[in-house]
Structure formats: structure tokens, C-alpha cells
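Peer 1: no sequence for this one, just the structure:
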Ligand SMILES: C[S@@+](CC[C@H](N)C(=O)[O-])C[C@H]1O[C@@H](n2cnc3c(N)ncnc32)[C@H](O)[C@@H]1O
């Protein structure tokens, strides 16, 4: 790929999706885009870039391009201390003193193939079963349509579920009738509490329903520069209810950022009740 084509792509990816694309990532970008060149029967990155930035390409190819450019690594019960904090502190506190019906509204922003959403669903289902008058809904958003369709399908290979405790597997996972497939599906009760939609965290307005008690945005901001991280966190904060919590990935630090949220742990931020 020529420097000119790399610069066109990296500038676009950074401006439109927030993802940093420094010169060291050129080889990685070439490898990832190779799939698209093959799919489109193109023989050079120049041909690909010319198509991508044409009116037709911007309409048709951009979604495929961002699919291959994003890193989608995820797991069930990834960074488990967050789920312990949620069960032991955040959820009891959010429901404290509540007389009547409370629906806990949760958003997984950058949900990839859905493992984080269904982990949250298992945790929230367990909690709301124990606390009268509570229920929950979870929205998963991502910029990758391929990941969103995997998330909505909720089918995973058996090797992916190793980190789910056995008793939760028995309660919430359905084995494929075709044993040779070695896949499981999240049960209908949990799937019914979730919804998925495309949302780019670089969007001016976040088109999500209502305000949230809890937002997970983990291992997404790590790909953004510091200024963009700060802008996105403050925009997520606007979508939190007073007293709500934002969880970031364990390697995402908020030091030296001017934020409207208060850190209660290095990667757990809270919107104060009077905000
Ligand atoms: C590494 S995965 C993290 C998945 C999950 N949150 C976790 O921690 O396991 C990062 C996800 O962020 C998504 N992403 C990257 N840039 C985004 C953007 N601008 N808007 C929304 N999602 C984005 C990617 O498509 C990818 O699925």
C-alpha cells in the first residue's frame, strides 16, 4: 500500500470511527484489507481505495471495511471483578429504597459478538430473581454489523463458554440438538431481555433508548486517542442516570482527564446523584 493510500485510509478511519491508525499499523491494515480485495476481485490497494472513497464505495463498502478493521476480541465473564462489583455494590445500591417497580437499564457500548451482553444478562437475571419488583433490559451496540448479527444470533461454540460457571451454563445455555455442531445458544428468556443496534461512538448524538443505570464500554476506548476517549466518556456520562455507573476496560485509564464522573475504582466511574 502506498503512503498516500495508507494516509487516506488512516485519516478516514480515525475521523469517522475514532480508531487510531499510526504508521506502525500499516502492515496490519494491509493484512486485514486483503480479505476485502479478494472478495471484490481487486488486485491493488489503490484500486480498493479509489472504490472505497467513491460515492458507491462510501455507501456499499464502508461497512465491510470497518468490519475488518475493528478488533473484536471478547469473552464471557471477561474481567470478572466488574461483575462482582456489580452484584455486590452497584445493583443493591441502585435498587436501594426503591418501593415499586424498577427496571434496571444497561448498555454495553462496543459489545462485539455479544458475550459481554449475555454475561450481564446472566448476572442481572440472578439479581432480579432475588429482589422483588425488579427487572432489566440490556442494549448492545457496536459499529460492526457482522458482530451485531452474531450477537443477536447468540450461538457460540462450546469452547467459548469455558469461563461461564457450570450452574449458570445449566440454567441459561441450550445445547444444539445436533451434537456434532458443538454449539450452544443463549436461552430465549435472556435473549428476550436484550436488543442490539448499530451505533458509532463517534456519532454526534447517541441514539439509544432512555438513560442507563449501568454502562459498560470496555476495551473500546483503548483504540482511540486521549481527546476522543475523554469526549466519548463525557457523552456516555450524559446517558447515565444520576447515581449510575460506567465500567471501562482494565487497561483504560482516565488519569488527567476532565470528566463529569467520579472514579470509585480505577476503571469504575460513577455519576454523582446530584449531577
Ligand atoms: C475488543 S472489542 C470489546 C468487546 C467487549 N466490550 C469486551 O470488552 O469484551 C471492541 C469493540 O468495539 C467496537 N468499536 C470500535 N470502534 C467503535 C466505534 N467507533 N463505535 C462503536 N463501536 C466501536 C468494535 O467493533 C469491537 O467490537
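Peer 2: On my side now, so go ahead. Predicted model only: the values in this text are computed from it and were never measured.

Peer 1: C-alpha only now, for contacts and for neighbours.
Peer 2: Fine.

Peer 1: output the below-cut-off pLDDT ranges for the stretch 151-275 of the chain.
Peer 2: Residues of the stretch 151-275 of the chain that meet the criterion pLDDT under 70 lie in 274-275.

Peer 1: contact distance from the ligand - what residues of it qualify?
Peer 2: 199-202, 217-220 (CA under 6 Å from any ligand atom).

Peer 1: which ChimeraX command selects the buried ones in those?
Peer 2: Typed into ChimeraX, the line below selects the buried ones among these, using 16 or more other CA atoms under 10 Å:
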select :199,200,201,202,217,218,219,220
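
Peer 1: in helices, which of the residues of the stretch 151-275 of the chain next to the ligand fall?
Peer 2: When those are checked against helices (DSSP state H), there are no matches.

Peer 1: I figured residue 219 was touching residue 248, is that so?
Peer 2: Yes. Between residue 219 and residue 248 there is a contact at 7.0 Å, judged by CA atoms under 8 Å.

Peer 1: still on that earlier bit, what is the nearest of the residues of the stretch 151-275 of the chain next to the ligand to residue 25?
Peer 2: Ranked by distance to residue 25 (CA to CA), these are led by residue 220 at 17.0 Å.

Peer 1: got the contact list for that closest one?
Peer 2: 110, 249 (CA atoms under 8 Å, 6 or more residues apart in numbering).

Peer 1: quick revisit: would you turn the residues of the stretch 151-275 of the chain next to the ligand into JSON lines with distance to residue 169?
Peer 2: Below are these laid out as JSON lines (distance: CA to CA, whole Å):
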{"residue": "199", "distance to residue 169": "30"}
{"residue": "200", "distance to residue 169": "32"}
{"residue": "201", "distance to residue 169": "32"}
{"residue": "202", "distance to residue 169": "36"}
{"residue": "217", "distance to residue 169": "25"}
{"residue": "218", "distance to residue 169": "23"}
{"residue": "219", "distance to residue 169": "25"}
{"residue": "220", "distance to residue 169": "27"}
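
Peer 1: near the ligand, which residues of the stretch 1-150 of the chain are found?
Peer 2: 17-18, 70-75, 110-112, 116, 142-144.

Peer 1: repeat that with 8 Å
Peer 2: 16-19, 66-67, 70-76, 78, 108-116, 141-144, 147 (CA under 8 Å from any ligand atom).

Peer 1: buried ones from the residues you listed, can you make that a ChimeraX selection?
Peer 2: Buried members of these, identified by 16+ other CA under 10 Å, are gathered into one ChimeraX selection as follows:
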select :17,18,19,66,67,70,72,74,75,76,78,108,109,110,111,112,113,114,115,116,141,142,143,144,147
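
Peer 1: which stretches in the stretch 1-150 of the chain count as strands?
Peer 2: 102-109, 134-142 (DSSP state E, counting those that start in this stretch).

Peer 1: chain center to the first one, what's the gap?
Peer 2: Centroid displacement of strand 102-109 relative to its chain, using CA atoms, centre = their mean, to the nearest Å, is 13 Å.

Peer 1: who touches that strand?
Peer 2: Contacts for strand 102-109 (CA under 8 Å, 6+ apart): 95, 116-117, 133-142, 201, 211-218.

Peer 1: can you flag the buried ones in these?
Peer 2: Buried, going by 16+ other CA under 10 Å: 95, 116-117, 134-142, 201, 211-218, out of these.
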